[in-house]
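>>> generate coordinates for the sequence data below:
(4 chains)
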Protein chains: 2
Amino acid sequence: MATLKDVARLAGVSVKTVSNVVNGYSFVKPDNRRRVEEALEATGYRPNLGARNLRRGRTGFIALVLPELSIPYFAELAGLVIAAAQEHEWNVLIEQTFGTLAGERSALAALGPHLVDAAILSPEALQVDDFQLPVPAVLLGEHAVDVPISRVGIDNVAAAQAAVRHLVSLGHQRIAAIGAHPHRGTAALRLEGYRRALAEADLPFVDELVVPALNYHRADGAAAMRSLLDLRNPPDAVFCFNDLLAIGAMRAAAERFVRVPSDLAVVGFDNNEESVYSSPSLTSVAPDKAAIAQAAVDLLHRRVESSEFLENVETPFSLQVRESTVAR
Amino acid sequence: MATLKDVARLAGVSVKTVSNVVNGYSFVKPDNRRRVEEALEATGYRPNLGARNLRRGRTGFIALVLPELSIPYFAELAGLVIAAAQEHEWNVLIEQTFGTLAGERSALAALGPHLVDAAILSPEALQVDDFQLPVPAVLLGEHAVDVPISRVGIDNVAAAQAAVRHLVSLGHQRIAAIGAHPHRGTAALRLEGYRRALAEADLPFVDELVVPALNYHRADGAAAMRSLLDLRNPPDAVFCFNDLLAIGAMRAAAERFVRVPSDLAVVGFDNNEESVYSSPSLTSVAPDKAAIAQAAVDLLHRRVESSEFLENVETPFSLQVRESTVAR
DNA sequence: CATCGTTGTTCCAACGATGTAAAGACCCGG
DNA sequence: CCGGGTCTTTACATCGTTGGAACAACGATG
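The predicted structure is shown next:
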C-alpha cells in the first residue's frame, strides 16, 4: 500500500509537500501540485487513518452504546446515527449492553479514551458513579440519575400524555399502562404523562391497571396483557411504553379472542416500522428518530471541536393514529 | 491520559520494560514486574490502540457491510457479529449500502486497507469487477457472480424446498412465490428450491404465481400479495423469500378479508423475532444466525492470522412451523 | 544592490507503541 | 578471578502522518 513517502518519491518532492496537497494547503506551486496529484492518482494513495489520528490526537470514531440491536428502535436509530456520523467523517462503533448494569459498565470501560472521540449512550441501569466518562458524551432519552451530560430526546411526559389523551378522547375510561419500571428514567416520565392525562380527564388512577415490565420485549408485553385480561374488571384500552410491549399485548389479546380496537384500544411508543404492518396496525407515539440521531451527532461534533458546553436538545414527536385505536 | 512513558518514569524502568510487562513477556525480574504493575495500576494505563496498531500493522476493526440496519434480519445478524467479533478483540464497523450498487461501491471504497483488518459483506448488486478487495473478506449468502471469496450461509435451495414441501404436505395446490429478483443470487436459489418442491410433487410451475419484488420490504410483500389476490384464480398458499415480504403479504390478505391460514397459508424466510408475535404468527425458514455470525468472524480471523485459504461454510437451518400454515 | 516580505519547500520532531540489537547483570564452572 | 552462557534491561529505529521551524527562492521596495 502506498504511503506519503512513495508518492513523494514518485513526484520528486518532499513528504510534507505531498501531505500539504492532500490536506488542501494553499501555497503549493501549480507545477508541483500537478505532479503530486498525478502521483497520488498513479499510486492510488489512501491516507493511513491510524497514523493520521495518532498524530492529530483523534481517532475518527464515536461509540454508540445501546441495549441491543435486535430491538427495532435501536436498530433504526443506529442506522440513522451511522448516516449522521458520516457527515462529520466519523465512523460508528456499536457496543451492546443488553440492558444490564454489568454490560453497560463493560461497554464504558471498553471505550478507552484512545478508541473513540465521543460517545452516544442509551443507558438503562447505570448509576451516578459510572458517569466518569473519558470522552464527551450525550445521553439519549432520560435517565433516573442526574448527571452533567447533555441529553437528546423528546419530552416523554408530554408524549405519553398525548397518547393517553388520544385514548381518552375516544371515550375510553379504564385505561391501563404497561411498562412501569423501577429504575428506568423514561418509564417514570411516561408514567407521569399517563397520570396527568388521567387527571385532566378526571379519571381515577387505578393501581392494578399499571403493570410493570422488566424488559421491554414482546414477551413482556404479552405477559403483562394476560395479567390485565385476568382482572375481574379488565381495561378497555392500554398504553404501552414501547411498541414491542404493544405488539406482545395485541398478540395476547388475540389469543384470548379480545378484539382490537373494538374490545381493547392499544397505543404504543417508538413507531417501529413493524407497527405499520401489524394486524391491526398500531397507533404509536413517533419520536423523530432522524432528528435525534442528527442532534446527538452534531452536538458531539461541536463539543469535540470547540469544547463548548452544550445544553440538552428536545426533539419533536407526533402521534401516529392507526387501526389499533379506531375501528377499521 | 497515561502513556507507557509515564508508567516507565513512575516505575523507574525503561519504556520497553513496561511494554514487556503489558504484553506478558516472560523475562522480567519479579521485583521490576511488581513495580511496573503498581505503576500501571496507579496511572490507570490503557494502551493507545491507534499507536499499537500502527506499529503492528493492524487496525483492530472489521467491517460489516450490509444493506440496512432497519431490516430486522440484518440488525439481528449485526448484533451477533459484534458479539462474535469481541472474542477476537475486534471491533465492528457497520456500513450501510441501502442495497444499491452505488452504496455498495462507496462502502467498499471507504474501507481502505488501513481502516479494517477484514470485511464481512452482504452484497446485493455488486458486479465481478468490484471484488478487488483490499482486505480478506467473507460473503454472507449467495451472490449471482462467481468470485473467489469464501461464503458463509445456508443451503438456500434446500431451505426453500423444505418450506414449499411443507406447504405441499398440507395439501396446497396453488402455491405462489413472492420475491423473485433479476440480480439477487439468493432469490434465484430460493426460486430453484420452490421449483424443485413443485416438481417433486408433480405440481405445475405457473408463471403468474411467481411475483418479483425489487426490495424485500413489507410494502413490497403487500403489493405483491395484492396482485396475486387480483388473479382470476388466486393461490391458496404463498412462499415469501423473506419475513418482511410475508408480513406485508399477510397484511394485504387481512385487508381483503382473506383469512390466514384457512384461506391462504403463508411461509416466510429468516425467522425474525417479529414473526413469532404477528397475528397469525408466521411459519418461517430459520437460518442459524448465530452460527453464521460465528463462522464468518472465525473464518476471517483464521485468514488474517495465517492467511490460509478457506472454504465456504454451510450453516444449518430449520423450519419453524407456526400459525400461518396451520389452523389455530 | 541590499533588504524585506511573501510564497513555497524541506527538515526535524513528535504522536505512542513495539521489534531489534546490543549492552548490562548475573551465575556457573574451571 | 576469568570466560562464557543465560537472563534482563535499555537505547534506538520504526510504523505513517502532520505541526512548526528553518530555509530557499522570488519579486518588490528603498
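>>> let me see the domain layout of chain A.
Domain ranges of chain A: A:4-47, A:59-154+A:289-317, A:156-286, per automatic domain parsing.
>>> would you mind giving these as a markdown table with distance to DNA strand C added?
Just so you know, the C-beta spots here come from the backbone N, C-alpha and C atoms, and that holds for glycine as well. Output for the domains of chain A, formatted as a markdown table (distance: least, Cβ to the nearest atom of the strand, whole Å):
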| stretch | distance to DNA strand C |
| --- | --- |
| domain A:4-47 | 3 |
| domain A:59-154+A:289-317 | 7 |
| domain A:156-286 | 36 |
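>>> let me know which of those is tucked in deepest.
Highest mean neighbour count among the domains of chain A (mean count of other Cβ atoms under 10 Å in any protein chain shown): domain A:156-286, with a mean of 21.
>>> is chain B within reach of it?
Yes - interface with chain B: domain A:156-286 contributes A:218, A:222, A:247-248, A:250-251, A:254, A:273-274, A:276-279, A:281 (Cβ under 8 Å from any Cβ of the partner chain).
>>> among those residues, which are located in strands?
In strands, judged by DSSP state E, none of those are found.
>>> okay, the residues you listed in CSV with pLDDT next?
Formatted as CSV, the residues of domain A:156-286 next to chain B follow (pLDDT from 0 to 100):
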residue, pLDDT
A:218, 96
A:222, 97
A:247, 97
A:248, 97
A:250, 97
A:251, 96
A:254, 95
A:273, 93
A:274, 94
A:276, 96
A:277, 95
A:278, 93
A:279, 90
A:281, 96
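>>> in the stretch 51-200 of chain A, where is pLDDT below threshold?
Scanning the stretch 51-200 of chain A for pLDDT under 70 picks out A:112-113, A:128, A:143-145.
>>> nearest spatial neighbour of residue A:67, chain-adjacent residues omitted?
Nearest non-adjacent residue to residue A:67, counting by Cβ to Cβ, 6 or more residues apart in numbering or on different chains: residue A:99, 4.3 Å away.
>>> if we can go back for a sec, in helices, which of the residues of domain A:156-286 next to chain B fall?
Secondary structure defined by DSSP state H assigns A:218, A:222, A:247-248, A:250-251, A:254, A:274, A:276-277 of these to helices.
>>> now the two most distant members of those residues.
Using Cβ to Cβ, those reach their maximum pairwise distance at A:222 and A:276, which is 20.2 Å.
>>> the domains of chain A: which one's closest to residue B:243?
Of all the domains of chain A, domain A:156-286 sits nearest to residue B:243, with 10.5 Å by Cβ to Cβ.
>>> ok and the residue in the stretch 201-328 of chain A nearest DNA strand D?
At 13.6 Å from DNA strand D, residue A:305 is the closest residue in the stretch 201-328 of chain A, using Cβ to the nearest atom of the strand.
>>> and that residue, what's its pLDDT?
Note on residue A:305: pLDDT of 77.
>>> give me the element it is part of.
Using DSSP states H and E, residue A:305 sits within helix A:289-306.
>>> what's that helix packed up against?
helix A:72-86, strand A:118-121, strand A:137-140, strand A:150-153, strand A:313-314 (3 or more Cβ pairs under 8 Å, 6 or more residues apart in numbering or on different chains; DSSP states H and E).
>>> list of residues touching that helix?
Helix A:289-306 has contacts (Cβ atoms under 8 Å, 6 or more residues apart in numbering or on different chains) with A:58, A:62, A:73, A:76-77, A:80-81, A:83-85, A:87-88, A:90, A:117-120, A:136-138, A:140, A:150, A:152-154, A:308, A:310, A:313, A:315-316.
>>> go with 6 Å
Contacts with helix A:289-306, where a contact means Cβ atoms under 6 Å, 6 or more residues apart in numbering or on different chains, come from A:76-77, A:80-81, A:84-85, A:88, A:117-118, A:120, A:136, A:138, A:150, A:152, A:310, A:313, A:315.
>>> likewise for stretch A:9-17?
When contacts are defined by Cβ under 6 Å, 6+ apart, stretch A:9-17 is touched by residues A:4-5, A:8, A:32, A:35-36, A:39.
>>> identify the farthest-apart pair in those residues.
Greatest spacing in those, by Cβ to Cβ: A:5 and A:32 (16.4 Å).
>>> including distance to residue B:185, could the domains of chain A go into JSON lines?
Compiled in JSON lines, the domains of chain A are given as follows (distance: least, Cβ to Cβ, whole Å):
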{"stretch": "domain A:4-47", "distance to residue B:185": "29"}
{"stretch": "domain A:59-154+A:289-317", "distance to residue B:185": "24"}
{"stretch": "domain A:156-286", "distance to residue B:185": "25"}
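>>> just say helix, strand or coil for residue A:238.
At residue A:238, secondary structure determined by DSSP: H, G, I helix; E, B strand; the rest coil is strand.
>>> show me where the stretch 101-250 of chain A has its helices.
A:101-110, A:156-169, A:185-200, A:218-229, A:243-255 (DSSP state H, counting those that start in this stretch).
>>> then the third one to CSV, C-alphas only?
Output for helix A:185-200, consisting of C-alpha atoms alone and laid out as CSV, is shown next (Å, rounded to 0.1, in the frame of the first residue of the first chain):
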residue,chain,number,x,y,z
GLY,A,185,-36.0,7.2,33.8
THR,A,186,-38.1,7.1,30.7
ALA,A,187,-40.6,4.7,32.3
ALA,A,188,-41.1,7.2,35.2
LEU,A,189,-41.7,10.0,32.8
ARG,A,190,-44.1,8.1,30.6
LEU,A,191,-46.0,7.0,33.7
GLU,A,192,-46.2,10.6,34.8
GLY,A,193,-47.6,11.6,31.4
TYR,A,194,-50.2,8.8,31.8
ARG,A,195,-51.0,10.1,35.3
ARG,A,196,-51.5,13.6,34.1
ALA,A,197,-53.7,12.7,31.2
LEU,A,198,-55.9,10.7,33.5
ALA,A,199,-56.0,13.5,36.0
GLU,A,200,-57.0,16.1,33.5
